[in-house]
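[1] Here is the input, now give the coordinates:
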Amino acid sequence: MKNPVVFWELACHDAEKSIAFFEKIFDWKFEQYPDSVLYGAETSRDGKGVDGGIFTLRKSRLPFMAVYVQVDDIHEKAKLVVEAGGMIVEEPQQIPSGSWICLFTDPSGVTFAMLESAKSKE
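    The predicted structure follows:
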């Protein structure tokens, strides 16, 4: 499938509390990514499912859940988001891994995200 969902991210008011909740309910184990506020968990198994992460809000006031869609050209897709009636929440930005991320809303205001792998630029 083109542009698959590859990651999920929960932005909440208390990451530690949310992490404890999901660890208790689903036996997920979270570890903080180096040099990051994000705690990641491997929530996939046997090639099924999608890994994700949780962090405490810093910029936004309201909690949100973002689904990350893998794209080949994040800058081109960001232009298409605006052309199609969406809004860019956070412009494409490179993260320490070399990949690029961009948060956006669809026309109804729901937050989504895109991820361009560092490998796609090679």
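
[2] what stretches of the protein score poorly on pLDDT?
    For the chain, applying pLDDT under 70 flags the ranges 120-122.

[3] got the domain boundaries for this protein?
    1-63, 71-122 (automatic domain parsing).

[4] buried sites along the single longest helix found in the chain?
    Counting residues, the longest helix found in the chain (DSSP state H) is helix 15-26. Neighbour counts over helix 15-26 (16 or more other CB atoms under 10 Å) mark A15, S18, I19, F22 as buried. Placement of C-beta: from N, CA and C, glycine included.

[5] Can you give the contact residues for that helix?
    Helix 15-26 has contacts (CB atoms under 8 Å, 6 or more residues apart in numbering) with L10, C12, W28, K29, F30, V37, Y39, A41, T43, I54, F55, T56.

[6] for stretch 53-71, same thing?
    3-16, 18-19, 22, 30, 33, 36-41, 77, 101, 103, 111-117.

[7] hmm, try it at 7 Å
    3-15, 18-19, 30, 37-41, 77, 103, 111-117 (CB atoms under 7 Å, 6 or more residues apart in numbering).
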